[in-house]
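Enquirer: what's the 3D shape of this:
(2 chains)
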Amino acid sequence: MTRVHDMGGRFGDGPVKPEAEDAPVFAEDWHARALAVTLACGALGQWNIDTSRHARERLSPKDYTRFSYYEKWISALADLLVEKGVLTREDLAGQGATGLHALAERALKAENVAAALAKGGPASREGGPKPRFTPGQAVRARIPADNALVEGGHTRLPQYAAGAQGYILRLHGTHVFPDSSAHGLGEAPEPLYAVRFHASSLWAHPEHPEDEVVLDLWQSYLEPL
Amino acid sequence: MPHDHSDHPHALLPPDPALRVKALETILTEKGLIDPAALEEIIDTYQNRIGPQNGARVVARAWSDPDFKEALLADADPVLADLGYYGRQGEHMVVVENTPQQHNMVVCTLCSCYPWPLLGIPPGWYKSDAYRARAVREPRKVLAEFGVTLPEGSAVRVWDSTAEVRYLVLPVRPEGTEGMSEDDLAALVTRDSMIGTGLAKVPA
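Expert: Below is the predicted model of the structure:
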């Protein structure tokens, strides 16, 4: 079973509302602060990108739906800080211990921001299983699209592609496997492929017979046909 | 384990989102876990220094230099690194070329993945439920909402950014731009044209 964030193909959301190209990067000051606080906390090294994505996905469906974008970020961050033992519930309630935190020495300093952003977090790894598929090969995306390791766990296989037939477009290399990495089960890198699907393989009423959707899918999401 | 809670800790913070951010920022600052000067540096970077102007330079160069374009489409990372465009949310770049036969368009249905070093922070619509839900199923209707109608015989390929690979669309070079400088060409390249929800501007 999927979670509320997995919305590709969903009906009923209404029109997209384009914004001017020169609209402010951050519509509100607090959006900028939410982004900066989230990035700075990531630098404490207590979780990885898959953990933090999963924290947003685990907001209750009601919260996920009603929260604005950065509200999801800041709320999931608060949850993660408590879950990982960085902060306590008392801290969030304004009744926590005072004084410097044991992790304070790891705090991201202004002079290190540029280097940290430039370094990023590459997901490619050496080793791992050998590629099983070659470009052009027909494959089927796994069904159900659930995390096979952890019930209700993080996965990057969208529901709309589950069970659909596609074709390997290219091999991206071997990348950290989010279904494992999000749960402290190790990086478990796997070959990652761009896989193209005919719109008619995904939707009962495709807009156009020639259209396609390409997804990046890990090897264990795929089976040969 | 996924740790589902009926009582999420975030509910302990003030409900108003601006106050929620402020409260968390204050707690973290008092404990020395975040440095206010670092926050300013992060905000300044994405508000003022990194944005679609980076991607526009890459596109203008690709329009002007066939060898550069060939290398960019074959293996973007080293080419972009040479220009200084790399790092967070752009670690693994793929550039896809629009042609009269194929229109590429990028989405992240699961969250908001976007090539930060080339385009900066994504606009609100890119992160909206409507775009995330609909771009994969009815891209042509979505394009129409951006005022884009594709030529007859053009197929749409939508790239759903489900991994750490980030996609940049190389838009079709507009007619009437022969002999233009890279700087002038870059001014025609819109953010939306590099996401695939727009076309490059035609020179006035």
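Enquirer: can you count the residues close to the nearest residue to B:Leu83 once chain neighbours are set aside?
Expert: Excluding its sequence neighbours, the residue lying closest to B:Leu83 (C-beta to C-beta, 6 or more residues apart in numbering or on different chains) is B:Val58, at 6.7 Å. Placement of C-beta: from N, CA and C, glycine included. When neighbours are counted by other C-beta atoms under 10 Å in any protein chain shown, B:Val58 registers 25.
Enquirer: so the spatially most central residue of chain A is in which element?
Expert: Residue closest to the mean C-alpha point of chain A, counted by C-alpha atoms, centre = their mean, is A:Arg53 at 4.4 Å. Assessed by DSSP states H and E, A:Arg53 sits inside helix A:49-57.
Enquirer: before we move on, back to that, who are the contact partners of the residue lying closest to the residue nearest to the centre of chain A once chain neighbours are set aside?
Expert: Sequence neighbours aside, B:Cys111 is the residue nearest to A:Arg53 in space, at 5.9 Å (criterion: C-beta to C-beta, 6+ apart). The neighbours of B:Cys111, taking C-beta atoms under 8 Å, 6 or more residues apart in numbering or on different chains as the test, are A:His5, A:Arg53, A:Arg56.
Enquirer: neighbours around the residue lying closest to A:His101 once chain neighbours are set aside, how many?
Expert: Nearest-residue entry for A:His101: B:Lys31, 3.9 Å, with adjacent residues in sequence omitted and distances by C-beta to C-beta, 6+ apart. Number of residues near B:Lys31 (other C-beta under 10 Å) recorded here: 21.
Enquirer: Next, the contact list for residue 94, please.
Expert: Picked chain A for this. Contacts of A:Gly94 by C-beta under 8 Å, 6+ apart are B:Ala23, B:Ile27.
Enquirer: nope, chain B
Expert: For B:Val94, the contacting residues are A:His172, A:Ala194, B:Ala76, B:Val165, B:Arg166, B:Tyr167, B:Leu168, by C-beta under 8 Å, 6+ apart.
Enquirer: Now rank those by neighbours and give me the top one.
Expert: Ranking the contacts of B:Val94 using other C-beta under 10 Å puts B:Leu168 first, with 29 neighbours.
Enquirer: Which strands or helices does the one helix or strand that one maps to pack on?
Expert: When elements are defined using DSSP H and E, B:Leu168 is found to belong to strand B:165-170. On a contact count with 3 or more C-beta pairs under 8 Å, 6 or more residues apart in numbering or on different chains; DSSP states H and E, strand B:165-170 meets helix B:52-64, helix B:66-74, strand B:92-97, strand B:102-107, helix B:116-119, helix B:191-195.
Enquirer: What pairs with the fourth one, parallel or antiparallel?
Expert: Paired with strand B:102-107 in the same sheet, following DSSP bridges, are strand B:155-160 (parallel).
Enquirer: Could you find the closest non-adjacent residue to residue 56?
Expert: With no chain named, the answer covers chain A. Closest to A:Arg56 by C-beta to C-beta, 6+ apart is A:Ala76, at 4.2 Å.
Enquirer: should've been chain B
Expert: That would be B:Val189: by C-beta to C-beta, 6+ apart, it lies 3.8 Å from B:Ala56.
Enquirer: Make sure the one you found is actually in contact with B:Arg61.
Expert: No - B:Val189 lies out of contact with B:Arg61 (C-beta atoms under 8 Å); the separation is 10.5 Å.
Enquirer: And those two? Which one has more around it.
Expert: Higher neighbour count among B:Val189 and B:Arg61: B:Val189, with 26 against 17, using other C-beta under 10 Å.
Enquirer: Tell me how far that one lies from B:Leu119.
Expert: Per C-beta to C-beta, to the nearest Å, B:Val189 is found 11 Å from B:Leu119.
Enquirer: Contact partners for B:Gln89?
Expert: A:Gly120, B:Cys113, B:Tyr114, B:Pro115, B:Trp116, B:Pro117, B:Arg166.
Enquirer: and the second one, how far is that from A:Asp179?
Expert: With distances defined as C-beta to C-beta, the gap from B:Cys113 to A:Asp179 amounts to 17 Å.
Enquirer: Can you name the residues that contact B:Ala76?
Expert: B:Ala76 makes contact with B:Met93, B:Val94, B:Val95, B:Leu168, according to C-beta under 8 Å, 6+ apart.
Enquirer: shaky segments in the chain?
Expert: Just going to use chain A. A:1 (pLDDT under 70).
Enquirer: oops, chain B please
Expert: B:1-6.
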